[in-house]
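Trainee: my questions concern the predicted model and sequence given below.
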Amino acid sequence: MNNVIKEIEEEQLKKEVPQFNVGDTVRVYGKIKEGNRERIQVFEGTVLKKQGGSNRATFTVRKNSNGIGVERTWPLHSPNVEKVEVVRTGKVRRAKLNYLRNRVGKKAKVKELVK
């Protein structure tokens, strides 16, 4: 029974998984269906957390829109996620950046990792 579940999950995995970490600023291209039309909308923000494994892996992105914090959780292997583009890499020392929810302005920024 366990092997059957693993085979089904492997079929649902994407071939190319984008490489990004917590703290990175990413641009997520998500498909949105409006009536009978389909378009791609870009959501750009900081990755707060990555969790799960296999085809259940998700990541949460937070952005500030007109002074209001907006978070969106995306399934990593979903067909509705067209692509994930890394804008800049962040320098963080945490696995989850939940503390950014309470910060405003410059304090809510993540330092950029310079290589």
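Mentor: Yes, it's here. Numbering: from 1, shown residues only.
Trainee: where does the nearest residue to Q12 once chain neighbours are set aside fall, phi/psi-wise?
Mentor: Leaving aside its sequence neighbours, Q12 sits nearest to N55 (CB to CB, 6 or more residues apart in numbering; 4.4 Å). In this view, the C-beta of every residue, glycine as well, is placed from N, C-alpha and C. Main-chain torsions, N55, degrees, to the nearest 10: phi -90, psi 0.
Trainee: which residues touch N55?
Mentor: Contact analysis of N55 by CB atoms under 8 Å, 6 or more residues apart in numbering lists E9, Q12, L13, H77.
Trainee: name the single longest strand found in the chain.
Mentor: Ranked by number of residues, the top strand in the chain under DSSP state E is strand 37-51.
Trainee: neighbours around A57, how many?
Mentor: Using other CB atoms under 10 Å, A57 is surrounded by 16 other residues.
Trainee: is the residue most central in space within the chain in a helix, a strand, or coil?
Mentor: Closest to where the C-alpha atoms of the chain average out (CA atoms, centre = their mean) is F59, at 4.1 Å. Under DSSP: H, G, I helix; E, B strand; the rest coil, F59 falls in the strand class.
Trainee: so how far is W74 from it?
Mentor: Noted for F59: a distance of 6 Å to W74, by CB to CB, to the nearest Å.
Trainee: tell me which residues in the longest strand of the chain are buried?
Mentor: Neighbour counts over strand 37-51 (16 or more other CB atoms under 10 Å) mark F43, G45, T46, V47, L48, K49, K50 as buried.
Trainee: and for the nearest residue to V17 once chain neighbours are set aside, the neighbour number?
Mentor: Leaving aside its sequence neighbours, V17 sits nearest to L76 (CB to CB, 6+ apart; 6.7 Å). L76 has 21 neighbouring residues, counting by other CB under 10 Å.
Trainee: can you give me the strands for the chain?
Mentor: Counting by DSSP E, the chain has strands at residues 25-34, 37-51, 58-65, 68-75, 81-88.
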